[in-house]
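Asker: Have a look at this prediction, sequence included:
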Amino acid sequence: MNLKFLKTEQKLDTILNHTFKYAKKLAKDFYFNVWAKNSPKCPALGGEIINITREGWEHIIDETSRTKADVLGRLFVLERAKVLLETANIFTTKEKRQKGEYWIFDGVIKQVRIKVVVRSIEGTPKHFLTVIKKGTIENEIK
């Protein structure tokens with residue numbers, strides 16, 4: 001492999017790598033020191049508390065199956081996921097799978113479309129599993 005090419009490739013990700021590191025630090029602080037300490041009650045699930053766990057965090061930051069850009073998108077919408085779970089009156093879908101039951105919430109919070117997944121394994125308390133950024137809603141030009 002051409003050494004000059006390799007150095008150029010590494011430089012291309014400098015901004016992404018620094019942004020990723022910083023965003024991950026901020027999001028982790030929010031996740032564990034704000035959200036997990038005040039787990040949301042979800043109106044769509046009868047006011048049930050949705051536990052914010054390490055499992056959800058690990059699911060979001062899993063770089064083995066996601067790109068850094070995908071992980072960043074998830075980190076950027078964590079606050080919106082909290083708002084959606086605290087305000088949703090209905091969930092979009094309920095699915096039973098081999099690993100448990102899943103409640104899926106779709107919503108638009110501050111012009112960003114997100115999908116939030118809550119899970120329960122064999123009747124255990126429900127916990128936040130992940131959030132996915134689905135896109136943005138453009139403002140109408142007036």
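Answerer: Structure received.

Asker: what sits up against the helix ranked longest in the chain?
Answerer: Secondary structure assigned by DSSP state H gives helix 14-30 as the longest helix of the chain. Under the contact criterion Cβ atoms under 8 Å, 6 or more residues apart in numbering, helix 14-30 has outside partners 57, 61, 68, 69, 71, 72, 75, 76, 78, 79. Bear in mind the C-beta positions are built from the backbone N, C-alpha and C, glycine included.

Asker: how far away is the residue sitting nearest the centre point of the chain from residue 14?
Answerer: Centroid check for the chain by Cα atoms, centre = their mean gives residue 131 as the closest residue, at 2.8 Å. With distances taken as Cβ to Cβ, to the nearest Å, residue 131 is found 27 Å from residue 14.

Asker: now do the same end-to-end measure for stretch 64-71.
Answerer: With Cα to Cα, to the nearest Å as the measure, stretch 64-71 spans 11 Å from end to end.

Asker: Mind listing residues that contact that stretch?
Answerer: Identification of contacts with stretch 64-71 by Cβ under 8 Å, 6+ apart yields 16, 17, 20, 24, 60, 61, 62, 63, 74.

Asker: likewise stretch 33-53?
Answerer: The contact list for stretch 33-53 (Cβ under 8 Å, 6+ apart) reads 31-32, 78, 82, 85-91, 103, 105, 118, 125-128.

Asker: These in helices, which ones?
Answerer: Those of these lying in helices (DSSP H): 78, 82, 85, 86, 87.

Asker: by how many degrees do the host helix or strand of residue 69 and helix 14-30 diverge?
Answerer: Here residue 69, judged by DSSP states H and E, is contained in helix 68-76. Counting by axes from the mean of the first three to the mean of the last three Cα atoms, to 10 degrees, helix 68-76 lies at 30 degrees to helix 14-30.

Asker: For helix 68-76, the averaged confidence score.
Answerer: Helix 68-76 comes out with an average pLDDT of 95.
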